[in-house]
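> With the input below, show me the fold.
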Amino acid sequence: MTATTKDHEERPRAKTAGERQRHPTEVRRQLVVDAARDLIADKGLFNVLIRDISKACGVSPGTITYHFKSLDEVLMEVVKAETADFYVPLQESARGSGDPTRNCCFSSRGCSARMRIPAGTG
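Sure, this is the predicted structure:
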């Protein structure tokens, strides 16, 4: 085997039609956002590239740019998802009580638990 043949075998190749998976736009976007979230947690916000996200979710960089205008849009979707994951449980626990004072206590307890602040210190 020559060096040229060996290099050719190790190079990434396009997926065949049988290897490709078709997903609706909403599903594909969510897969990209989930992969970006994991990468941000591992590498940090400013060390994540479209190329990294595409590799993590098994699609081409072109697929990501088809579904998102830019890396900034992907990152904004991650922030929106994280914000919703943080605030929705707090809002639900506050709404569950009929007492406004208790609502405030639930919200502050939930907030301190999510931010890992011991109750009574923050």
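> which intervals of the protein have sub-threshold pLDDT?
For the chain, applying pLDDT under 70 flags the ranges 1-20, 97-122.
> Helices along that one, start to end?
Here the chain has its helices, by DSSP state H, at 3-10, 25-43, 50-57, 61-67, 71-95, 100-114.
> Buried ones in the fourth one, by neighbour count?
For helix 61-67, burial by neighbour count (16 or more other CB atoms under 10 Å) applies to 63-64, 67. (Each C-beta comes from the backbone N, C-alpha and C, glycine too.)
> and that helix, what other elements does it pack with?
Under the contact criterion of 3 or more CB pairs under 8 Å, 6 or more residues apart in numbering; DSSP states H and E, helix 61-67 touches helix 25-43, helix 50-57.
> Run through who's touching the last one.
Okay, so that is helix 50-57. Helix 50-57 has contacts (CB atoms under 8 Å, 6 or more residues apart in numbering) with 31-32, 34-36, 38-39, 43, 60-61, 63-65, 71, 74.
> So which of these wins on neighbours?
residue 36 (25 neighbours; other CB atoms under 10 Å).
> That one and residue 45: what is the separation?
Using CB to CB, to the nearest Å, residue 36 is found at 10 Å from residue 45.
> what sits in contact with each of these two?
Common neighbours of residue 36 and residue 45, using CB under 8 Å, 6+ apart, are residue 75.
> and the gap between residue 85 and residue 66?
Distance from residue 85 to residue 66, by CB to CB: 26 Å.
> What of residue 51?
15 Å.
> what do you get for residue 47?
According to CB to CB, residue 47 and residue 66 sit 24 Å apart.
> Show residues contacting stretch 26-46.
23, 48, 52-53, 56-57, 59, 63-64, 67-68, 74-75, 77-78, 81-82.
> same thing but at 6 Å, please
For stretch 26-46, the external contacting residues (CB atoms under 6 Å, 6 or more residues apart in numbering) are 48, 52-53, 56-57, 64, 67, 74, 77-78.
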